[in-house]
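Colleague: I would like to see how this sequence folds:
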Amino acid sequence: MMKSKFRVTLKFSGMINGPFILEKEKTIIGRGSKSDIVIINDSLSRQHLLLEIIEGKLYLTDLGSSNGTKIADQQIPTNEKTLYDTFFMPIEIGIGVNLIVEEGFF
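Modeller: Model prediction:
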């Protein structure tokens, strides 16, 4: 039986990275080699953003990054889980790195 999952794609500087299917409960995006999804972009911190799936819902946590994380141009709090359930709202991590989230059966 297929279960609902999340898939993310990152876009910046005319490039597309992904899509990446989130198969673990916790996924870290950043420019450091210890991140689960590594994006080489100077505006990202080594471990920039934590994506967590809790009871089928997606939460974003900015891990104290230098350039922050925004949903629809609103900065999210640092080190605090933020529910992301408005999939039409754009997410920007760092400067000019767009995160597209899709929910479905992948």
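
Colleague: any low-confidence regions in the chain?
Modeller: Scanning the chain for pLDDT under 70 picks out 1-4.

Colleague: repeat that with 80
Modeller: The chain contains residues with pLDDT under 80 at 1-4, 105-106.

Colleague: now for the spatially closest residue to Leu83 that is not a sequence neighbour, how many residues are close by?
Modeller: Once flanking residues are discounted, Leu83 sits nearest to Tyr59: 5.7 Å by C-beta to C-beta, 6 or more residues apart in numbering. Every C-beta, even on glycine, is put in place using the N, C-alpha and C of the backbone. By other C-beta atoms under 10 Å, 16 other residues sit near Tyr59.

Colleague: after the helix or strand where Tyr59 lies, next one along is what?
Modeller: For Tyr59, the element it lies in under DSSP states H and E is strand 57-62. Going down the chain from strand 57-62, the next helix or strand is strand 69-71, by DSSP H and E.

Colleague: show me what counts as buried in stretch 43-54.
Modeller: Using 16 or more other C-beta atoms under 10 Å as the test for burial, stretch 43-54 gives Ser43, Leu44, Ser45, Gln47, His48, Leu49, Leu50, Leu51, Glu52, Ile53.

Colleague: the first one contacts Ile95, doesn't it?
Modeller: Yes - under the criterion of C-beta atoms under 8 Å, Ser43 lies in contact with Ile95, with a separation of 3.8 Å.

Colleague: what touches both of the two?
Modeller: Asn67 (C-beta atoms under 8 Å, 6 or more residues apart in numbering).
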